[in-house]
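> Sequence plus predicted model, see below.
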2 protein chains.
Amino acid sequence: MEKKEDTIQLSEEQMYDMAELFKIFADSTRIKILVALIRSERCVGEIADALTISQPAVSYQLRILKQSKLVRSRREGKQIWYALADDHVKTIIQMAKEHLEE
Amino acid sequence: MEKKEDTIQLSEEQMYDMAELFKIFADSTRIKILVALIRSERCVGEIADALTISQPAVSYQLRILKQSKLVRSRREGKQIWYALADDHVKTIIQMAKEHLEE
DNA sequence: TAAACACATAAATAACTATTTATATTATAT
DNA sequence: ATATAATATAAATAGTTATTTATGTGTTTA
């Protein structure tokens, strides 16, 4: 039976970056947006309507999520469609859900 | 081969609670404290010295961590010893580390 | 080309939060 | 009892951030 390491090595910078990563998830509006995007790609208006958040507020948060490379976007005519950048977001949210359910 | 569910069901309240949980990890001082506690139980002064953070700042953050049930404490004479409440913290930090390393 | 639509951006504001400085509490030692 | 040590708490401050309101940008349609 392999034992888990009981220490985790992290540099000062890594700990700082880690906090920055958690900050992105530390807002319920962003969580709602991310959860909505787990199901499917969505455009800005859809998100605003579905979550009853103002359009500028949604755009503001989408920008943050995009800068953090958690979502990507593509333009299609007048609309801009947003989707999760990869599977990490889903994994992290799933983990957090399991933690909260205990 | 079992397929993962491609949706995650979360109530409004769960998403709010999730954001609150991430907020606790969204501060580099708290991350540093938690990482220090992965190795071993520590008293306030030790933490302050090791991380070069003022004693009141450490106490303030420990209080938040305790209220969030991420750490527990016990008094031993004049000192108060803090430790991680369970294995969850370590798991979450390990996950975040792996995410950042990609 | 003008109007309408979808989205982004800017400025202002309000709310929250971490740190510092100072002081209070609790426990030990003299 | 008093002094000292370890930690907690309070008040003040400064920095950050999400939302609103207003406006700008890019795209389609009439």
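That came in fine, so what should we check first?
> Once you drop chain neighbours, what's closest to A:K90?
What sits nearest to A:K90 in space, not counting adjacent residues and going by C-beta to C-beta, 6 or more residues apart in numbering or on different chains, is A:I38, at 5.4 Å. C-beta here means a position set from N, CA and C on the backbone, and glycine is covered the same way.
> mind checking how far that neighbour is from B:R74?
Here the criterion is C-beta to C-beta, to the nearest Å. By it, A:I38 lies 41 Å from B:R74.
> More neighbours: which of these two?
For A:I38 and B:R74, the more surrounded residue by other C-beta atoms under 10 Å in any protein chain shown is A:I38, and the numbers stand at 18 against 10.
> which SS class is A:T29?
Assigned state for A:T29: helix (three-state reduction, DSSP: H, G, I helix; E, B strand; the rest coil).
> Touching the lowest-mean-pLDDT helix or strand in chain A from outside, list them.
Between all helices and strands in chain A, the lowest mean by mean pLDDT, DSSP states H and E belongs to helix A:88-100, at a mean of 90. With contacts defined as C-beta atoms under 8 Å, 6 or more residues apart in numbering or on different chains, helix A:88-100 is touched by A:25, A:31, A:34-35, A:37-38, A:70, A:84, B:8, B:10, B:14, B:17-18, B:21-22, B:88, B:91-92, B:95, B:99.
> Measure how buried A:R75 is and give me the count.
By other C-beta under 10 Å, the residues close to A:R75 number 9.
> hang on, A:I53 packs against A:T29?
Yes: assessed by C-beta atoms under 8 Å, A:I53 is found in contact with A:T29 at 6.2 Å.
> who's in contact with the spatially most central residue of chain A?
The residue lying closest to the centre of chain A (C-alpha atoms, centre = their mean) is A:L34, at 4.8 Å. Applying C-beta under 8 Å, 6+ apart, one finds that A:L34 lies in contact with A:25, A:65, A:70-71, A:84, A:89, A:93.
> circling back to that earlier point, and the residue nearest to A:K90, how far from DNA strand D?
To DNA strand D, A:I38 is 19 Å away according to C-beta to the nearest atom of the strand, to the nearest Å.
> Would the one helix or strand that residue maps to count as contacting DNA strand C?
Assigned by DSSP states H and E, A:I38 belongs to helix A:28-39. No: for helix A:28-39, no contact with DNA strand C is found by C-beta under 7 Å from any atom of the strand; the gap never falls below 11.2 Å.
> Partner strands of the helix or strand following that helix and their direction?
Moving toward the C-terminus from helix A:28-39, the next helix or strand (DSSP H and E) is strand A:42-43. Strand pairing for strand A:42-43, using DSSP bridges, gives strand A:79-84 (antiparallel).
> Does the strand it pairs with reach DNA strand D?
No: against DNA strand D, strand A:79-84 shows no contacts by C-beta under 7 Å from any atom of the strand, the least distance being 8.9 Å.
> which other residues reach that strand?
Applying C-beta under 8 Å, 6+ apart, the set of residues contacting strand A:79-84 is A:34, A:37-38, A:40-45, A:47, A:62, A:65-66, A:70-75, A:90.
> gap between A:Y82 and A:Q94?
Per C-beta to C-beta, A:Y82 is found 20 Å from A:Q94.
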